[in-house]
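Undergrad: Here you go, sequence then predicted model.
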Amino acid sequence: QIQLVESGGGLVQAGGSLRLSCAASGRTFSSYVVGWFRQAPEKVREFLGGITSSGGITLYADSVKGRFTISRDNAKNTAYLQMNSARPEDTAVYFCAALYSNRRTVPTTPQAFDTWGQGTQVTVSS
């Protein structure tokens, strides 16, 4: 089992960029699919996108497609969420999640993932 720690959150102005990192402990990170989610106050946890274990396939929610980019560096046991053209409605706590899977698919529901980071706050000012 791996553990995940997010970092890189903070305050950004609308239109700006931010890169979140998801660092994993353990030597099997390369066998985990990674998903990114966010949760704003009083809202359900929202799927943003994910990346397969090899990094060969990425999937994005329509709400962030074209603005957010997910990548990973298995040699560094880290996944990334690059946020560009930030909007005030992107304000939320951002989570990465992982599932042991070498399939060429990315789950899109929180229930599909069994390992979560603690979250990192992103605030976009207008």
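TA: Everything's here; your move.
Undergrad: Next, count neighbours for the closest residue to G117 other than its chain neighbours.
TA: Distances taken as C-beta to C-beta, 6 or more residues apart in numbering put L4 closest to G117, at 3.8 Å, once the chain neighbours are dropped. All C-beta spots, glycine's among them, are computed from the backbone N, C-alpha and C. Other residues within reach of L4, judged by other C-beta atoms under 10 Å, total 24.
Undergrad: Could I get the contacting residues of L4?
TA: By C-beta atoms under 8 Å, 6 or more residues apart in numbering, the contact set of L4 is 22-24, 96-98, 115-117.
Undergrad: Mind doing that once more with 6 Å?
TA: For L4, the contacting residues are 22, 24, 96, 117, by C-beta atoms under 6 Å, 6 or more residues apart in numbering.
Undergrad: Now the residue nearest the centre of the chain: closest residue in space that isn't a chain neighbour?
TA: For the chain, the residue lying nearest the average C-alpha position, counting by C-alpha atoms, centre = their mean, turns out to be W36 (2.6 Å). Sequence neighbours aside, L48 is the residue nearest to W36 in space, at 4.4 Å (criterion: C-beta to C-beta, 6+ apart).
Undergrad: How about E46?
TA: Skipping the residues right next to it in sequence, E46 comes nearest to R38 by C-beta to C-beta, 6+ apart, at 5.4 Å.
Undergrad: What of Q13?
TA: Leaving out its chain neighbours, Q13 is closest to S125 (C-beta to C-beta, 6+ apart), at 5.4 Å.
Undergrad: And for S7?
TA: Skipping the residues right next to it in sequence, S7 comes nearest to S21 by C-beta to C-beta, 6+ apart, at 5.0 Å.
Undergrad: ok, now how distant is the one you found from C96?
TA: Taking C-beta to C-beta, to the nearest Å as the measure, S21 falls 9 Å from C96.
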